[in-house]
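In: Provided below are the primary sequence and the corresponding predicted coordinates.
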There are 4 protein chains.
Amino acid sequence: MLNTFGHLFRITTFGESHGPALGAVIDGCPAGVKISLERIQEFVDRRRPGQSPLTTQRKENDQVECLSGLEDGVTLGSPIALLIRNHDARPKDYDSFSRVYRPSHADFTVEKKFGIRSQSGGGRLSARETVARVAAAGVAQQVLEAFVPDLKVSAFISSVHQEMGVFGGGGGNACTEGGQGGTHPQKMETCILDAKERGDTVGGTITCKVVGCPVGLGEPLFGKLHAELARALMSIPAARGFEIGLGFAASKMFGSEHNDPFVSEGGKIRTKTNHSGGIQGGISNGEDIHLCVAFKPPSTIFQEQASVDREGNSVAFKPHAGRHDPCVLPRAVPIVEAMVILVLVDHLLMMKSRRIE
Amino acid sequence: MLNTFGHLFRITTFGESHGPALGAVIDGCPAGVKISLERIQEFVDRRRPGQSPLTTQRKENDQVECLSGLEDGVTLGSPIALLIRNHDARPKDYDSFSRVYRPSHADFTVEKKFGIRSQSGGGRLSARETVARVAAAGVAQQVLEAFVPDLKVSAFISSVHQEMGVFGGGGGNACTEGGQGGTHPQKMETCILDAKERGDTVGGTITCKVVGCPVGLGEPLFGKLHAELARALMSIPAARGFEIGLGFAASKMFGSEHNDPFVSEGGKIRTKTNHSGGIQGGISNGEDIHLCVAFKPPSTIFQEQASVDREGNSVAFKPHAGRHDPCVLPRAVPIVEAMVILVLVDHLLMMKSRRIE
Amino acid sequence: MLNTFGHLFRITTFGESHGPALGAVIDGCPAGVKISLERIQEFVDRRRPGQSPLTTQRKENDQVECLSGLEDGVTLGSPIALLIRNHDARPKDYDSFSRVYRPSHADFTVEKKFGIRSQSGGGRLSARETVARVAAAGVAQQVLEAFVPDLKVSAFISSVHQEMGVFGGGGGNACTEGGQGGTHPQKMETCILDAKERGDTVGGTITCKVVGCPVGLGEPLFGKLHAELARALMSIPAARGFEIGLGFAASKMFGSEHNDPFVSEGGKIRTKTNHSGGIQGGISNGEDIHLCVAFKPPSTIFQEQASVDREGNSVAFKPHAGRHDPCVLPRAVPIVEAMVILVLVDHLLMMKSRRIE
Amino acid sequence: MLNTFGHLFRITTFGESHGPALGAVIDGCPAGVKISLERIQEFVDRRRPGQSPLTTQRKENDQVECLSGLEDGVTLGSPIALLIRNHDARPKDYDSFSRVYRPSHADFTVEKKFGIRSQSGGGRLSARETVARVAAAGVAQQVLEAFVPDLKVSAFISSVHQEMGVFGGGGGNACTEGGQGGTHPQKMETCILDAKERGDTVGGTITCKVVGCPVGLGEPLFGKLHAELARALMSIPAARGFEIGLGFAASKMFGSEHNDPFVSEGGKIRTKTNHSGGIQGGISNGEDIHLCVAFKPPSTIFQEQASVDREGNSVAFKPHAGRHDPCVLPRAVPIVEAMVILVLVDHLLMMKSRRIE
């Protein structure tokens, strides 16, 4: 259950890591919006594996096929189905550990919950499923632009392990200036490669900034914009923490420091500071939205670890095959953007149904 | 919209801070569960205002009336409506600032979103609305116990401003031992009272632990248990950050450190460490669930601040009335527990529909 | 479950027939709409019991109290909670048959489903619960008018038992001209009173017409407007059949007879005939919507009937107390209108989120 | 919107009549159920076009491909995506009438609602989309059997135009005995072929019977089993009317005739008659479920009709191409069964979450 995301702009995703295909069906997309498939492909390509020594060497072209909902590149208002075939699925690689619970993977929990689990890789819980989210967000992004042309969502790596900095963002955009601390992409890259060489993995954080968000997105109670963002971002594999605005740092401040005074700027009401991160009372206030997501180090390490098999026997476990990321961050940047975009377009449509004009 | 929370155990809440009443309607509650209204009241009483110098002096008895769904103290399977009347509503207190946007409040965003806002206090965005959530959780708690008698949810204050410690938990329960750092309730209390005296406010963090959670709660994709918890907890007024397991600290670790090896203990498969915080792949693994929520300092301070009125004129703003908390934490402890309970019971019912037995 | 109705304009109802109160919470109501409580009360009064010899003698004033969501008679965009207290509940009347399954009532099915049932009357399945729907529709009606001032929904009794005619409509409106067959209110009334005298009950049909419906309501697949109307109307207690347009009569026609040719009238595209009943492909076409609902005779008759008790023993059953309608039709007219209004306002809001303008 | 059907067993369908493909994604399917793809294909083949002179000559093999959710023929608990490619799509056939509104088709309403419509055939509103529903129901059927092996859903044609009878059912099953009136398949077939020869079309009714349904399916309020069935069945293209039990005939009866007395049969509580059609108070009572759906004659006739074009000019319209059914009934039989199955499996899962055992 719960493979559908969104209230009005709803995506339903499907597909296992080593099955025939993955995909998404978008329901609730407004009609009459021009959609470029090339731009969807570009978005998907940003998270594609095998592009650098920092990521898994699985070879997938991640070609997105659109099966419905568009005619001559314009949305019909009907469901848009997007399909991505798996090409380099290697279920055999996983044979050896189908009886062992890989530490910190979902093998144990999935098997206990469902009484069965995919014999090959993470199945539905592999990060591979995120390709479908990004494809769907490729549509959402263009719908969002049709409504709010100036809105920009950009994420970047703000830390790798213990190295802070700015790394791997969309490239040259204004957002990256906001990175806390200095910019040390070299150190970050080295940190990932060092871990990889040792058969180890590293975690880190991704920061995301939304510029040009209209005032009024978000619903007062359970649908506070940052609550919806929190769920969206914590649903990305390996996410462990979420912050809006100053996040945990806000918990160490006085109200007199944290409050954002209102000012009038050229006839427009704005806030002097933006400690709230663009959201007040769960509703966007027009200032830049800032959020940060913490990712744990990937669970697949090429070192021997203690584990048990299904019968509870102790085993020493070390994968000798399978292709994995030493760090999720480089490929998670577009995924973070994708989830933020999906939340924003959903709340934009919701806002339209909330006032009588 | 989105005043309903939950997928199968669904609560819909209503009510404004200074309107006639607040309440919740629970739909999807299993039939045949014994519910003690006294226990609901006890839960609600834990968040009641006016109980200590640390909290607002608004006087509300927060008496919960059950309007439907129970007969002779047993659930009928029909909706359970809970009503709490407001007694000490003072809309007049807010007259003076109905034209001024209070800094870091939702006045501005609500007015822009809806074209109208409650003239008195935070309306729907006041922390007062959480009384309805806690009342509903008072039912959920008893349903949860009927299914899983040993499950316990306990939250405590883990930091106030820059003071770490353990404070304000349910009292004497085992969970609080897990608090990071020492236990300095005195310092924390002093910190709040000092701020109050200066007309200022402070933030902090609340940690919550779930003991005895069954294996298998949570859905693999968008319904990962920690994603659902994140949304639930970030929907509490003033929440700014969320962590599951080691949270942001996990982002600074190597995989070889963070992974939780499986061990067999008395025929039961467990993990040796619990860095995952009881959730792997979005599904509970039977270990204790650990989570932490950061709260910003309350926005209402009794100091002069810069703001603007509806016409955009600069004004110096200082509230001379209204009763407010200098720190949300003492009253947020039961609210955190309430939201966690609501997520757990919802996923418990969901799990029941997921396997054919 | 499923005590919530609607997708964007969502009502959640609660309350048992002989419990303390009934009510509805509306979520998703647009902000800034003027709502007259008097008009809600008028709508509710139309279905109130005890108003004529044709209906149950239970005395309820059905006073609607609004607990939230309005300020100075204008919607805030937050949930609107409406409360109706029960005054003439007489659970004792039902004591004698708490162990017997009343024929064609829900006693047996509810008990088997939930393992428990309300000891007094139909509980949640009593027609009394519809008071909450009508109250909610009293708000919906005013929201609908704010968007589409010329839209009118009017239902009338089109047959009682075997007597066809027009009876009990809102009075004097144009719709009633559409009644099939002649107008014999007298015969219908006599038919009901005759049955009542014999301790028996009668069924009949209600026809509803919507004038001034905008083009475009309804969603192509599972949300076809007539499919949504069918569910809404079949959820009224005692409903047994539903027709849109010509209904079952259409099944006996040739396409060449049934098709509605398009014509241009004063620059407006209309259909020459309206066999489709205002809906084509599940979407309103701007012509009048016609629908018809069949109601079975009420199950409570004051005659001896064969039944069994919980242990399966045969018993002769005859209620000696309880106040019941000899025919649901007179009170069902406003309920039919209420359900139609709730569907229309929901789809109106949905339409707003479907196009980019 | 609303391309998703179901509450717990949820299907989302996609695809246009003349686009590249159609399909369905099932979310919420329990894990561990054996699924035969051959049986899905058999179900889909029953509605396949081109199988007799009674149906459209469009040639589609309707091969169902399963893209996810199964491993070694067993459900994983993850979404099951089913894909059916279009092979004989001929968008060109529709060029000539892309500017004319075909009478009683959805051309006009879709264009007004969405501001755009598929240039070829009915797009999303073509009966072709039902192939995806039937494929999904092919899974649902096997899930239902895994829980309730004895449950059988069988539909048959109970009238064609003005001919009553029993026709086109699954063949030789016990259900068809229940058909009202005599059995005149020959007359029915002749009636369809006669109309076809004249370029005309006919309507009719389909009756469906569920044998072996467990007690307890359906929810008391808006989710009454027959209300859910009504929506499901009225969402089939060309459906115009719905009856449960005696339907409209019940409206002409006295309560003393219509009530179903309870009897005890071999320790099992049953009803002596079954006028309620297996559902009392919206909940299944274990007796056979009977329902009937009225279908109008198809809108595409090969005769000249009056219509208008987009500019409102009068035009004489006669299609000279396109392949259409002279009567929907033969192919609608499996579609009716499919929708009934989808409702039953959904409510079965729902029932599991409603009691604490």
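Out: Nice, thanks for sending it over. Numbers count the residues shown, from 1 in each chain, chains lettered A, B, ... in the order given.
In: quick check: next helix or strand after whichever helix or strand residue A:83 is part of?
Out: Using DSSP states H and E, residue A:83 falls within strand A:80-85. Beyond strand A:80-85 on the C-terminal side, the first helix or strand identified by DSSP H and E is helix A:107-114.
In: what sits up against that following helix?
Out: Contacting residues not belonging to helix A:107-114 are listed as A:97, A:100-101, A:117-118, A:123, A:125, A:310, B:215-216, B:218, B:220, B:262, B:269, B:280-281, B:283-285, B:351, B:354-355, D:31-32, D:76-77 [CB atoms under 8 Å, 6 or more residues apart in numbering or on different chains]. All C-beta spots, glycine's among them, are computed from the backbone N, C-alpha and C.
In: go with 7 Å
Out: Outside of helix A:107-114, the residues within contact range by CB atoms under 7 Å, 6 or more residues apart in numbering or on different chains are A:101, A:117, A:123, A:125, B:215-216, B:262, B:269, B:280-281, B:283, B:285, B:351, B:354-355, D:31-32, D:76-77.
In: run the chain-centre distance for it.
Out: Counting by CA atoms, centre = their mean, to the nearest Å, helix A:107-114 is centred 24 Å from the centre of its parent chain.
In: could you count how many residues lie near the residue of the stretch 201-350 of chain A found nearest chain D?
Out: Distance from chain D to each residue of the stretch 201-350 of chain A (CB to the nearest CB) is smallest for residue A:349, at 9.6 Å. Around residue A:349 sit 24 other residues, with neighbours defined as other CB atoms under 10 Å in any protein chain shown.
In: any idea how far it is from residue C:6?
Out: For residue A:349, the distance to residue C:6 equals 16 Å [CB to CB, to the nearest Å].
In: try residue A:337
Out: When CB to CB is applied, the distance between residue A:337 and residue C:6 equals 33 Å.
In: could you do residue A:228 as well?
Out: As defined by CB to CB, residue A:228 lies at a distance of 21 Å from residue C:6.
In: the two - which one has more neighbours?
Out: Shown here are residue A:228 and residue C:6; by other CB under 10 Å, residue A:228 has more neighbours (29 against 23).
In: which stretch of helix or strand covers that one?
Out: The secondary structure element spanning residue A:228 is helix A:225-234 (assigned by DSSP H and E).
In: tell me which strands and helices that helix is in contact with?
Out: strand A:239-244, helix A:329-352, helix B:225-234 (3 or more CB pairs under 7 Å, 6 or more residues apart in numbering or on different chains; DSSP states H and E).
In: residues from chain A in reach of chain C?
Out: On the criterion CB under 7 Å from any CB of the partner chain, chain C has as its neighbours in chain A the residues A:8, A:30-33, A:77-78, A:146-147, A:220, A:349, A:352-356.
In: so which of those belong to strands?
Out: The subset of those located in strands under the criterion DSSP state E is empty.
In: closest one of these to chain B?
Out: Within these, the smallest distance to chain B is 4.6 Å, found for residue A:220 (CB to the nearest CB).
In: list the residues that contact the closest one.
Out: For residue A:220, the set of contacting residues under the criterion of CB under 7 Å, 6+ apart consists of A:281, A:282, B:124, B:125, C:78.
In: swap in 8 Å and give it another go.
Out: Contact partners of residue A:220, counting by CB under 8 Å, 6+ apart, are A:281, A:282, A:283, B:3, B:106, B:110, B:124, B:125, C:78.
In: let's verify the closest residue to it other than its chain neighbours: helix, strand, or coil?
Out: Distances taken as CB to CB, 6 or more residues apart in numbering or on different chains place residue B:124 nearest to residue A:220, at 4.6 Å, with adjacent residues excluded. Assigned with DSSP: H, G, I helix; E, B strand; the rest coil, residue B:124 falls in the helix class.
In: same check on residue A:298?
Out: Assigned by three-state DSSP, the conformation of residue A:298 is coil.
In: count of neighbours near residue A:311?
Out: Residue A:311 has 8 neighbouring residues, counting by other CB under 10 Å.
In: quick one: the strand holding residue A:83 near chain D?
Out: Yes - contact of strand A:80-85 with chain D is found when judged by CB under 8 Å from any CB of the partner chain, involving A:80, A:81, A:83.
In: just list the residues touching whichever residue of the stretch 201-350 of chain A sits closest to chain C, thanks.
Out: Nearest residue of the stretch 201-350 of chain A to chain C (CB to the nearest CB) works out as residue A:349 at 4.3 Å. Residue A:349 makes contacts with A:8, A:9, A:28, A:30, C:353, as judged by CB under 8 Å, 6+ apart.
In: what is the most widely separated pair among those?
Out: In those, two members sit farther apart than any others by CB to CB. They are A:8 and A:30, at 9.5 Å.
In: so what sits against both of the two?
Out: By the contact definition CB under 8 Å, 6+ apart, residue A:8 and residue A:30 are jointly contacted by A:349, C:353.
In: give the contact list for the closest residue to chain B within the stretch 201-350 of chain A.
Out: Nearest residue of the stretch 201-350 of chain A to chain B: residue A:281, at 2.3 Å (CB to the nearest CB). Residues touching residue A:281, when contacts are defined by CB under 8 Å, 6+ apart, comprise A:220, A:224, B:105, B:106, B:109, B:110, B:122, B:125, B:237.
In: from chain C, how far out is the fifth one?
Out: Distance of residue B:109 to chain C, computed by CB to the nearest CB, to the nearest Å: 12 Å.
In: any low-confidence regions in the stretch 151-300 of chain A?
Out: Low-confidence segments of the stretch 151-300 of chain A, defined by pLDDT under 70: A:168-183.
In: residue A:122 against residue A:19, yeah?
Out: No - counting by CB atoms under 8 Å, residue A:122 stays clear of residue A:19, with 11.6 Å between them.
In: which parts of stretch A:35-42 are buried?
Out: By neighbour count with 16 or more other CB atoms under 10 Å in any protein chain shown, stretch A:35-42 contains the buried residues A:35, A:40, A:41.
In: quick check: closest non-adjacent residue to the first one.
Out: Beyond its immediate neighbours in the sequence, the residue positioned closest to residue A:35 (CB to CB, 6+ apart) is residue A:142, lying 5.3 Å away.
In: pull the number of nearby residues for that neighbour.
Out: 20.
In: pretty sure it is in a helix, no?
Out: Yes - secondary structure assignment (three-state DSSP) places residue A:142 inside a helix.
In: so residue A:189 is in which element?
Out: helix A:185-197.
In: for that helix, buried residues please.
Out: Under the neighbour-count criterion of 16+ other CB under 10 Å, helix A:185-197 has A:187, A:188, A:189, A:191, A:192, A:195, A:196 buried.
In: can you pull the contacts of residue A:325?
Out: Contact analysis of residue A:325 by CB under 8 Å, 6+ apart lists A:49, A:54, A:55, A:56, A:127, A:201, A:298, A:331.
In: residue contacts, the last one?
Out: In this case it means residue A:331. Taking CB under 8 Å, 6+ apart as the criterion, residue A:331 is in contact with A:47, A:48, A:49, A:55, A:127, A:325.
In: so the fourth one touches residue A:328, yeah?
Out: If I follow you right, that is residue A:55. No - here residue A:55 lies out of contact with residue A:328, judged by CB under 8 Å, at a distance of 9.0 Å.
In: more crowded one of the two?
Out: With neighbours defined as other CB under 10 Å, residue A:55 and residue A:328 compare such that residue A:328 has more, 27 against 22.
In: touching, the more buried one and residue A:299? I think so.
Out: No - no contact is recorded between residue A:328 and residue A:299 when judged using CB under 8 Å, the distance being 10.4 Å.
In: just the pLDDT at residue A:119, thanks.
Out: Model confidence at residue A:119, given as pLDDT, is 73.
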